[in-house]
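Visitor: Sequence first, then the predicted structure:
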Amino acid sequence: MRIAWGMRLIIGKLYEIQLCSLAFSSVFRLFFDPAGIAAIFGNVGTLLAARQPGRDLVEKLDAYLTIKEAAEFLGVSTNTLRNWGRDGKVPMHRNPINGYRLFKIDDLKKLLGEIEQSRRASDVKRKAK
């Protein structure tokens, strides 16, 4: 009687393992097969499935500066940069993980170029007087 019960237990465990592996393989296929990805995520899934190796859809954090680095880059204090970001004078982004303020280097270079243009225009007006 004990042997039969033990065999049932072993067969039951093997059946559970088989079901788990079947479920795992189905989930694996669903997520790593391009058609399965598209079925779950729609257009985003199609984009992910069609993504070329080596091409990132997400921009790297290397293109951003923290508030301290951006303030040094512009030559202003961090509080000034916080105010400019809050007022919309400088485009500000947030790190999705920790919420830190981030500034794109290209945006900061563009701002410096606008400041330089403005300075040149005011110098020309002063010389004209």
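Guide: Sure thing, it's come through. Only a predicted model underlies this, so the values are computations on that prediction, with no experimental measurement involved.

Visitor: In the protein, what helix or strand scores lowest on average pLDDT?
Guide: Lowest on mean pLDDT, DSSP states H and E among the helices and strands of the chain sits helix 34-49, with a mean of 50.

Visitor: right, and the helix or strand after it?
Guide: As assigned by DSSP states H and E, the chain's next helix or strand after helix 34-49 is strand 64-66.

Visitor: what's that next one packed up against?
Guide: strand 101-104, helix 105-128 (3 or more Cβ pairs under 8 Å, 6 or more residues apart in numbering; DSSP states H and E). For every residue, glycine as well, the C-beta is placed using N, CA and C.

Visitor: and it, which strands flank it?
Guide: strand 101-104 (antiparallel) (DSSP bridges).

Visitor: what are the C-alpha coordinates of the strand it pairs with, in PDB please?
Guide: Taking only C-alpha atoms (Å, rounded to 0.1, in the frame of the first residue of the first chain), the coordinates of strand 101-104 have been written out as PDB:
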ATOM      1  CA  ARG A 101      16.900  66.100 -12.600                       C
ATOM      2  CA  LEU A 102      18.700  65.400 -15.800                       C
ATOM      3  CA  PHE A 103      19.600  67.900 -18.600                       C
ATOM      4  CA  LYS A 104      20.500  66.900 -22.200                       C
END
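
Visitor: and residue 71, what element?
Guide: Assigned by DSSP H and E, residue 71 belongs to helix 67-74.

Visitor: if we look at the very next helix or strand once past that helix, which residues are touching it?
Guide: Downstream of helix 67-74, the next assigned helix or strand under DSSP H and E is helix 78-87. Residues outside helix 78-87 that contact it (Cβ atoms under 8 Å, 6 or more residues apart in numbering): 67, 68, 70, 71, 74, 76, 90, 91, 92, 101, 103.

Visitor: Cool, thanks, talk later.
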